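> using only what follows, build the 3D model:
(2 chains)
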Amino acid sequence: MNFNLTKEQEFVRKMVREFSIAEVRPIAADIDKEHRFPTETIKKMSKYGLMGVPFPKELGGAGGDHIAYAITVEELSRECASTGVICSAHTSLCAWPIWAWGTDEQKEKYMIPLAKGEKLGAFGLTEPNAGTDAGGQQTRAVDMGDHWLLNGAKVFITNGGYADVFVVAAMTDKAKGTKGGISAFIVEKGFDGFSIGKTEDKMGICASSTTELIFQNCKVPKENLLGKVGEGFKVAMSTLDGGRIGIASQALGIAQGALDVTVEYMKTRKQFGKSLSKMQGIQFDIAEMKTRIEASRLLVYKAADMKDKHLAYGPASAMAKLFAAETAMYVTTKAVQLHGGYGYIKDYPVERMMRDAKITEIYEGTSEVQKMVIAASVFSK
Amino acid sequence: MAFKIIVCAKQVPDTSEVKIDPVKKTIMREGVPSILNHDDANALEEALKIKDQYPDTTITVITMGPPQAKDMLLECLAMGADEGVLVSDRAVGGSDTWATSNVLAAAIAKLGEFDLIFAGRQAIDGDTAQVGPQLAEKLGLPQVTYVAEFKIDQNMKDITVKRVLEDGYELIKIQTPCMLTAIKELNVPRYMSIGGIYDAGQKECKVWNAKDIAVDLDTVGLEASPTNVFRSFTPAPKDKGMMIQGDTQKDLAQNLLINLKAKHVI
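Modelled structure (predicted):
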């Protein structure tokens, strides 16, 4: 048992913290208000290796590990949850499955530019009628001999409007369903018959792009099948196991950011002749917030460490995401309360943080799905 | 031949967080984070810009300090420097600027040939701005301080710099080998990169003691230092300024004079 970060992981935190304060914090409120995707920030993140943290250097990555990646998403999200999820969806949901399931040619062609941040990635699983029940895929892929033909639609796709590369699940054999009936494909922006549909207007993470993907006789080259025919559900589930570490890190960062600004606010805000930080009743709120954040952090880093060690980390990442997401919601709600009226207006960042926190209990598996995963691991023994 | 740059850097307490012990009048270092001195980051950045343009350039960052100063060298390596050298020895502890420049001169002599030495103008803890110039003198190098703009010719020999003074600036031509000290206007230092952080562990970070650099022990350390810190203190904050009112320039000048006379300044 060793609770210390490595020197490299400490440096990653220091670097991403400095970067986030200087490059992310100053625009966080504006891009939320304008619903503007921060292309300029993503470009800078690519330059410094933030878009490929856990991948090996020979595949264009920074040569780090998943704890360093968790720290990266955490520190970005501490200032701006939208920026955090852009990094998370790109890394965990697109670059990672190509790394884990791709052929050498696919890695060469897609993984390297993704890990370098030259291209942005997204992942398409959810459909209007297949959310938590991902087995209900209606997008079909038909083998046409020299190519695959995709028809259908995906919804709620993070990075949708700005991504260059998409990992997409589609039904190849409806009779088999989740047991070998779904396959995964790598789809490029600009493929014939592939277009971006509606951009969603969301409660939070407003600077991230969430769109529909539309496939109308979309021709996908044979070599863009990711994994074998029928392995798509496995590709998707293994991808989401890792993605949950990213979202848990995002939730952790949101919670930490809300605590940071609340502590500073309480030191300066005076009522009844003394600062809020001197009042024991609300000091206890801070103690509770701090403790839950620290517990989340341990769960998140543990899941990331298990992933790096190639241990079965599915239940660990589900627990990390469940607890960190609920902590983010708890902490940001308290943060707004402790700010009083100022917490409810957009001049203070906690209003945005509370809106951003809610999604972490929903996407990449709702809290209820995490409980299903966790319970299944308990009762399968 | 590859261009060789030496960057002198110092690990300093983050002065935005520093406190002074009210009794001992010394800087309280406990719990204060240590950082790469700001001007030294500008010096390193300019060296890295040369390396961006001429990739076979090598950059060695040298520092004198306690063992934990190695962290700062690792940070420099993660930004893109090639090699770090830490001179660390109890015998050199407490050195003033004269003794420090003796140590650095001996260490640089051990490093061998180089084309350029870049240092920060001054450190935020001591604020002396003396070590750079003293080092140049001891190494017999031409020097330019307060460099705000830097340009090197393709021949890697001719350098043009803009030297900023209080009342103006100088454009100076100088040739390598030479010593330059950087000010913050020179550039915006880059961050470490994530890849650089993981590369840093593979790069060499030498740790030398006083014996390794063959420095005369009578010229280093607290005892040998001709200057000593008498007292450190937080200066009293300045009084609030006063806005001089007046409708015309003449009125303004008149009101200013009245105020200055009233305070017996003139």
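> contacts for stretch A:172-183?
Residues from elsewhere that reach stretch A:172-183, judged by C-beta atoms under 8 Å, 6 or more residues apart in numbering or on different chains: A:134-135, A:137, A:140-143, A:169-171, A:225-233, A:236. Placement of C-beta: from N, CA and C, glycine included.
> same deal with stretch A:184-193?
Stretch A:184-193 is contacted by residues A:97-98, A:101-102, A:106, A:110, A:124, A:141, A:148, A:150, A:163-170, A:194, A:215-220, A:224-227, A:231-232, A:235-236 when judged by C-beta under 8 Å, 6+ apart.
> go again using 7 Å as the cut-off
If you take C-beta atoms under 7 Å, 6 or more residues apart in numbering or on different chains as the criterion, stretch A:184-193 is touched by A:97-98, A:106, A:110, A:141, A:148, A:150, A:163-170, A:194, A:215-220, A:224-227, A:231-232, A:235-236.
> of the residues you listed, buried ones?
Using 16 or more other C-beta atoms under 10 Å in any protein chain shown as the burial test, these include A:97-98, A:106, A:110, A:141, A:148, A:150, A:163-170, A:194, A:215, A:218-220, A:224-227, A:231-232, A:235-236 as buried.
> close to chain A: what parts of the stretch 51-200 of chain B are there?
B:74, B:75, B:78, B:191, B:192, B:193, B:194, B:195, B:197, B:198 (C-beta under 7 Å from any C-beta of the partner chain).
> for these, give me TSV that also has pLDDT.
Putting these into TSV (pLDDT from 0 to 100) gives the following:
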residue	pLDDT
B:74	96
B:75	97
B:78	97
B:191	98
B:192	97
B:193	97
B:194	98
B:195	97
B:197	97
B:198	97
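> could you dump those residues into a markdown table with secondary structure added?
Shown next, in a markdown table, are those (DSSP: H, G, I helix; E, B strand; the rest coil):
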| residue | secondary structure |
| --- | --- |
| B:74 | helix |
| B:75 | helix |
| B:78 | helix |
| B:191 | coil |
| B:192 | coil |
| B:193 | coil |
| B:194 | helix |
| B:195 | helix |
| B:197 | helix |
| B:198 | helix |
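> hmm, back to that, taking the contacts of stretch A:184-193 one by one, which sit in strands?
Judged by DSSP state E, these include A:141, A:148, A:150, A:165-170, A:194, A:215-220, A:225-226 as members of strands.
> tell me where the model's unsure across the stretch 101-250 of chain B.
Within the stretch 101-250 of chain B, the set of residues satisfying pLDDT under 70 is empty.
> pick out the residue of it closest to chain A.
residue B:194 (3.5 Å; C-beta to the nearest C-beta).
> that residue: what's it in contact with?
Each residue near residue B:194 by C-beta under 7 Å, 6+ apart is listed here: A:12, A:15, A:48, A:49, A:50, A:53, A:62, A:64.
> let's go with 6 Å and repeat that
Residue B:194 makes contact with A:49, A:53, A:62, A:64, according to C-beta atoms under 6 Å, 6 or more residues apart in numbering or on different chains.
> now these in TSV, with secondary structure and distance to chain B?
Formatted as TSV, the contacts of residue B:194 follow (DSSP: H, G, I helix; E, B strand; the rest coil; distance: C-beta to the nearest C-beta, whole Å):
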residue	secondary structure	distance to chain B
A:49	coil	3
A:53	coil	5
A:62	coil	4
A:64	coil	6
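> quick check, nearest of those to residue A:82?
residue A:53 (18.2 Å; C-beta to C-beta).
> for the closest one, report the pLDDT, please.
If you check residue A:53, the pLDDT there is 98.
> what is the neighbour count of it?
30 (other C-beta atoms under 10 Å in any protein chain shown).
> starting at the chain centroid, how far to stretch A:359-371?
Stretch A:359-371 has its C-alpha centroid displaced from the chain centroid by 12 Å (C-alpha atoms, centre = their mean, to the nearest Å).
> name the residues that touch that stretch?
By C-beta under 6 Å, 6+ apart, stretch A:359-371 touches A:132, A:204-205, A:240, A:243-244, A:247, A:251, A:318, A:321-322, A:325, A:328-329.
> filter the residues you listed down to the ones in helices?
If you go by DSSP state H, these have A:240, A:243, A:244, A:247, A:251, A:318, A:321, A:322, A:325, A:328, A:329 in helices.
> tabulate these (CSV), appending pLDDT and distance to residue B:145.
As requested, those are exported to CSV (pLDDT from 0 to 100; distance: C-beta to C-beta, whole Å):
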residue, pLDDT, distance to residue B:145
A:240, 94, 58
A:243, 96, 53
A:244, 97, 55
A:247, 98, 52
A:251, 98, 50
A:318, 97, 60
A:321, 98, 55
A:322, 98, 59
A:325, 98, 55
A:328, 98, 51
A:329, 98, 55
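> of these, closest to residue B:40?
The nearest member of the ones in helices among the contacts of stretch A:359-371 to residue B:40, counting by C-beta to C-beta, is residue A:251 at 37.9 Å.
> around chain B, pick out the residues from chain A.
Contacts of chain A with chain B, taken as C-beta under 6 Å from any C-beta of the partner chain, map to A:8, A:11, A:12, A:15, A:18, A:19, A:48, A:49, A:53, A:62, A:63, A:64.
> a strand runs through the fifth one, doesn't it?
No: with three-state DSSP as the criterion, residue A:18 is helix rather than part of a strand.
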